[in-house]
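In: sequence isn't available, so here's the structure alone:
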């Protein structure tokens, strides 16, 4: 069994898996349960960092991992939902172990930080040339947007997108999808 290509997103030449894809593959591997425990509540003392522990169980074993989220590790639209993002990240990490998927889940990264990194290449190794984001969106970005917009029953004008706006739109659509679920 392998991950369905529709659950793979390519950003800046790197492939990322969606949480939805990990969950789909985990169900194929007889996922029995997945539970999340809030380990650290966000507070001023811990820089508003939430930490969650996820435990995924199959008939072949138990898989445990942790996920964190803080205002500096999520995009601005998700900041009010720090605990939910920490939970999603923890579940994604546990499901990556369960499914033996080595690629990072898209929910584990901050797309805004990646976009900001190109403005100051000395602060991050994620630097990309200034004109990279002005290029048309990739086929995989467009496919991801089409799938998410279909799932959410939203009409989206794909003609107006570039790589940057497509990445931001994917992040926004993912957030909307998780809010609904």
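Out: Looks like it came in fine. Keep in mind that this is a model prediction, so the values were computed, not measured.
In: any low-confidence regions in this protein?
Out: For the chain, the stretches with pLDDT under 70 are 1, 112-134, 178, 181.
In: next up, the contacts around the residue with the largest distance to the centre of it.
Out: No residue in the chain sits farther from the centre than residue 59, which is 26.8 Å out by CA atoms, centre = their mean. Applying CB atoms under 8 Å, 6 or more residues apart in numbering, we find residue 59 in contact with 30, 32. Quick note: C-beta positions are derived from backbone N, CA and C, even for glycine.
In: over to residue 10?
Out: 16, 138, 140, 141.
In: and it, bridged to which residues?
Out: Counting by DSSP bridges, residue 10 is bridged to residue 15.
In: where along the protein do the helices fall?
Out: Remark: helices assigned in the chain by DSSP state H are 19-28, 82-99, 111-117, 139-152, 163-180.
In: the second one vs helix 19-28, what angle?
Out: Counting by axes from the mean of the first three to the mean of the last three CA atoms, to 10 degrees, helix 82-99 lies at 40 degrees to helix 19-28.
In: just want the angle from helix 82-99 to helix 163-180.
Out: Going by the same axes, to 10 degrees, helix 82-99 makes 100 degrees with helix 163-180.
In: circling back to that earlier point, got JSON lines for the helices of the chain, with distance to residue 43 and mean neighbour count too?
Out: Output for these, formatted as JSON lines (distance: least, CB to CB, whole Å; neighbours: other CB atoms under 10 Å):
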{"stretch": "helix 19-28", "distance to residue 43": "26", "mean neighbour count": "20"}
{"stretch": "helix 82-99", "distance to residue 43": "11", "mean neighbour count": "23"}
{"stretch": "helix 111-117", "distance to residue 43": "22", "mean neighbour count": "17"}
{"stretch": "helix 139-152", "distance to residue 43": "33", "mean neighbour count": "16"}
{"stretch": "helix 163-180", "distance to residue 43": "23", "mean neighbour count": "18"}
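In: and residue 9, which of those helices is closest to it?
Out: Of all these, it is helix 139-152 that lies closest to residue 9, at 5.1 Å by CB to CB.
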